[in-house]
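A.B. asks: the following comprises the amino acid sequence and a computationally predicted model.
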Amino acid sequence: MARDEQVQAAIDNWAPRFIANGIDYNDFQRVTTSVECWDDWCRAWSECGALHAQMGEQAEARGKYVSAAQHYFQASICYHFGKYLFVHRPQELRVAHEYTVQYYQRALPYFDPPGERVAIPYENGTTMYGILRKPWHTAKPPVVILIPGLDSVKEELHLYGEDFLRRGMAVLAIDGPGQGEMEFTFPLRHDYEVPVRYAIDYLEGRADVDARRVGLMGVSFGGQFATRAAVFEKRVRAAIENCGPYNQSTNFKNRPLISRRTMVHRLYAKDEDEAVEKLRQFNLQGVVEQITCPLLVIQGERDRLVPAVQGARIAAEAGRMAELWLFEDGNHVCNNIPYKHRPQQADWMYEKLVG
Amino acid sequence: MARDELVQSAIDNWAPRFIANGIDYNDFQRVTASIERWDDWCQAWSECGALHAQMGEQAEAQGLYVSAAQHYFQASMCYHFGKFLFVHNPQALRVAHEHTVNTYKKALPYFEVPGEHVEIPYEHGARMYGILRKPWHTPRPPVVLLVPGLDSVKEEMHLYGNDFLRRGMAVLALDGPGQGEMEFEHAMRYDYEVPVRYAIDYLESRADVDAKRVGLMGVSLGGYYAPRAAAFEPRLKAAIANCGGYNFLGHFDRLPGHTRAAFIHRLKAADEADARKKLAAFNLEGVMERIQCPLLIIMGRRDRLVPPSDAERMAAEAPRVAELWMFEDGNHVCNNIPYKHRPQQADWMRAKLMA
């Protein structure tokens, strides 16, 4: 039997992303080869996740904590990619997501450096969750807030975080509205400066990080969120947006089916028309020109989800504040050339926050 | 044009190894897709290496040392895999190898756990070279010797080394006779306890590591050297043999063409017949029963280069000291399931050297 179109789309669009964000290369080959029909996707990845989780539990029980961290992390990422676009089966999605969160949490104390899961007060008495990790032996480090996109979650930003940590910056990866732990009760919101405001308020309440030196890094849809938040939240000192859309409503029709469905789902729209309608607000027109902090725009010319001209437009309208890194060979989020922008963007951020 | 057989064979046998040992997944896809003829292999990988080396130089010149380490390391791996089996063109091989050594050396001071390129006195006034890395804040740590195989070099052992380092052990990766920096002057030798003896003598001369707690881990042909050295060098406290052969002469004729060519080249044999003659000594008969220290044997049932029964025989002949981890789904060196043995073997070694 041939693979169905949705499986093929997931593989074609996201193989480099899976690998760059922590999926073992051999797992990717084996699991995707075993999946023919999209309905089996979440289960196949969850089984792979369970295998890693079991290794994590064995290692942990025997006091092998370095190993436990690695296994639990790989488990978490397998479950995450099982669930990331699986919105047509919300129950399965939710179970896999709970494992994503749970296994990542079990890895947290054993990572080098370790991290903590933090509860961030959000509007109307609700709570937003984040992962805070701090570099070793650094008094009150600056903090980079890591912002996921439409189908990523705070846990997926782990390896991005390592780049900042190695250079002496703390990282706070968050699940904002419509993302990860918030996706079940909150739709995506265009005014992402609000969750960022709460996150920085939270950082100000902590004595162990420097809330006066906060940067943002957002990938994909999170690139738009980071740009928007940098404009309206003046405590942000620098922002990186990687392949974020300038105007998301215009991209909608060209996206693969699974991606469109995910957009409908996380916007809490009843159908595609309503999704497009809601997406009109997810637009940087008149916004990005107001930016007053340094903005790094990373864009791949081969991006099939967000047209490269949108990255160029964000940079153009941000004027002197912006720096544009346009990669001719980059795909969406430039995940196929991680070594051309990940270490570099961490160096860029270091210079803005510390240098 | 279709790929020639040697290119296809290199890809089929070693894709998981390249990735597990540090080649970027996208580089692997792009570079191998661009190669049709084996003659172009070394050049294509060297070009990829040059790209990374250039990024390393730029980062270093700007004082971005964390980035420089990553780029130089990736450069080193690209050059290495360009050269690893390229014995039919010794000049191209040598140039690529020099870049492997030099780019890795440039990365050394900037690794998170930095390292040093050390010179180890060897017989008849000759020199053996190694890479020594020590865990942070650990006085006189135990040391794990990392032993490459037929077509690997000390630099390729880098990521293995990280597993031991994270758990508090130092690592000394070696180029022994017929390997890396020694392959041009010295033929492979079956009595690998000799280079290991020189390496431990060297460690005894250093005040910063504990030469009374030395383990050894060898991969592929290095998995043959490991039990051999463990049998004849009593200062070894534990050894790991990953997919080593019991008797190389027995399966020489079934190896892929360029592996046979590499054997001839690195044995400094005149031809296949001479190689067979020289390989007769690479045999563990009568050796296994002499081993007094714990020996972990790792083997993949799907190994296409070394018969899995060789590992079973090794274990059977050293019943008091040997532990066999046979993986039904493992290929040669089990590089397709790194997460099933790499963290675990480091935990195993820690228990033997530090418990």
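C.D. replies: Ah, there it is. Just so you know, these numbers come straight off a predicted model, no measurement behind them.
A.B. asks: need the strands for the stretch 51-200 of chain A, in chain order.
C.D. replies: Along the stretch 51-200 of chain A, the segments classed as strands by DSSP state E, counting those that start in this stretch run A:115-121, A:127-133, A:143-147, A:170-175.
A.B. asks: between the shortest one and strand A:127-133, how big is the angle?
C.D. replies: Here strand A:143-147 runs at 130 degrees with respect to strand A:127-133, directions being taken by axes from the mean of the first three to the mean of the last three Cα atoms, to 10 degrees.
A.B. asks: other SSEs contacting strand A:143-147?
C.D. replies: helix A:158-166, strand A:170-175, helix A:193-204, strand A:214-219, helix A:221-232 (3 or more Cβ pairs under 8 Å, 6 or more residues apart in numbering or on different chains; DSSP states H and E). From N, CA and C alone the C-beta is placed, and that goes for glycine too.
A.B. asks: likewise for the second one?
C.D. replies: With contacts defined as 3+ Cβ pairs under 8 Å, 6+ apart, strand A:127-133 has these neighbours: strand A:115-121, helix A:158-166, strand A:170-175, helix A:193-204.
A.B. asks: could you dump these to a markdown table with mean pLDDT?
C.D. replies: As requested, those are exported to a markdown table (pLDDT from 0 to 100):
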| stretch | mean pLDDT |
| --- | --- |
| strand A:115-121 | 98 |
| helix A:158-166 | 98 |
| strand A:170-175 | 98 |
| helix A:193-204 | 98 |
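A.B. asks: indicate which one of the ones you listed is closest to residue B:134.
C.D. replies: Nearest to residue B:134 among these is helix A:158-166; the distance by Cβ to Cβ comes to 18.6 Å.
A.B. asks: quick check: angle from the closest one to strand A:170-175?
C.D. replies: Using the same axes, to 10 degrees: helix A:158-166 against strand A:170-175 is 160 degrees.
A.B. asks: check the offset of helix A:158-166 from the chain's centre.
C.D. replies: How far helix A:158-166 lies from its chain's middle: 13 Å, per Cα atoms, centre = their mean, to the nearest Å.
A.B. asks: need the pLDDT of residue A:2.
C.D. replies: Note on residue A:2: pLDDT of 66.
A.B. asks: if you could redo that for residue B:141, that was the one I meant.
C.D. replies: The model reports residue B:141 with a pLDDT of 98.
A.B. asks: and the helices and strands packed on strand A:143-147: which comes nearest residue A:314?
C.D. replies: Ranked by Cβ to Cβ, the member of those that lies closest to residue A:314 is helix A:221-232, at 6.2 Å.
A.B. asks: output that closest one as PDB - backbone C-alpha positions only.
C.D. replies: Extracted C-alpha coordinates of helix A:221-232, given in PDB (Å, rounded to 0.1, in the frame of the first residue of the first chain):
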ATOM      1  CA  PHE A 221       4.200  31.100  13.800                       C
ATOM      2  CA  GLY A 222       6.200  31.900  16.900                       C
ATOM      3  CA  GLY A 223       8.300  34.200  14.800                       C
ATOM      4  CA  GLN A 224       5.300  36.400  14.300                       C
ATOM      5  CA  PHE A 225       4.500  36.200  18.000                       C
ATOM      6  CA  ALA A 226       8.000  37.200  18.900                       C
ATOM      7  CA  THR A 227       8.000  40.200  16.500                       C
ATOM      8  CA  ARG A 228       4.600  41.400  17.700                       C
ATOM      9  CA  ALA A 229       5.600  41.000  21.400                       C
ATOM     10  CA  ALA A 230       8.800  42.800  20.900                       C
ATOM     11  CA  VAL A 231       6.900  45.800  19.500                       C
ATOM     12  CA  PHE A 232       4.300  46.100  22.300                       C
END
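A.B. asks: could you dump the strands of the stretch 51-200 of chain A into CSV with mean neighbour count added?
C.D. replies: Below are those laid out as CSV (neighbours: other Cβ atoms under 10 Å in any protein chain shown):
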stretch, mean neighbour count
strand A:115-121, 16
strand A:127-133, 22
strand A:143-147, 30
strand A:170-175, 27
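A.B. asks: now the residue in the stretch 201-350 of chain A that chain B sits nearest to: closest residue in space that isn't a chain neighbour?
C.D. replies: Across the stretch 201-350 of chain A, the shortest distance to chain B (Cβ to the nearest Cβ) belongs to residue A:343, at 3.8 Å. Once flanking residues are discounted, residue A:343 sits nearest to residue B:67: 3.8 Å by Cβ to Cβ, 6 or more residues apart in numbering or on different chains.
A.B. asks: now swap in residue B:64 and tell me
C.D. replies: With Cβ to Cβ, 6+ apart, the residue lying closest to residue B:64 is residue A:347, at 4.5 Å.
A.B. asks: where does chain A dip in pLDDT?
C.D. replies: Along chain A, the parts satisfying pLDDT under 70 run over A:1-2.
A.B. asks: related to what we said a few turns ago, what about the helices and strands packed on strand A:127-133, which gets the closest to chain B?
C.D. replies: helix A:158-166 (5.1 Å).
A.B. asks: near chain A, which residues of the stretch 1-150 of chain B?
C.D. replies: Residues of the stretch 1-150 of chain B lying close to chain A (Cβ under 8 Å from any Cβ of the partner chain) are B:15-16, B:19-20, B:24-26, B:52, B:55, B:59, B:62, B:64, B:66-67, B:70-71, B:74, B:112.
A.B. asks: tally of neighbours for residue B:12?
C.D. replies: 11 (other Cβ atoms under 10 Å in any protein chain shown).
A.B. asks: quick one: residues contacting the residue nearest to residue B:64.
C.D. replies: By Cβ atoms under 8 Å, 6 or more residues apart in numbering or on different chains, the contact list for residue A:347 reads A:167, B:59, B:62, B:64, B:66, B:67.
A.B. asks: what is the burial count for the second one?
C.D. replies: So the one you mean is residue B:59. With other Cβ under 10 Å as criterion, residue B:59 counts 22.
A.B. asks: wait, what's in contact with the nearest residue in space to residue A:101 that is not next to it in sequence?
C.D. replies: Distance criterion Cβ to Cβ, 6+ apart; nearest residue to residue A:101, sequence neighbours excluded, is residue A:181 at 6.4 Å. Going by Cβ under 8 Å, 6+ apart, residue A:181 touches A:101, A:128, A:129, A:153, A:154, A:175.
A.B. asks: of the contacts of residue A:347 - the most surrounded one?
C.D. replies: residue B:67 leads the contacts of residue A:347 on contacts (other Cβ under 10 Å) with 26 neighbours.
A.B. asks: which pLDDT value belongs to that residue?
C.D. replies: With respect to pLDDT, residue B:67 scores 98.
A.B. asks: how long is stretch A:293-309 end to end?
C.D. replies: 22 Å (Cα to Cα, to the nearest Å).
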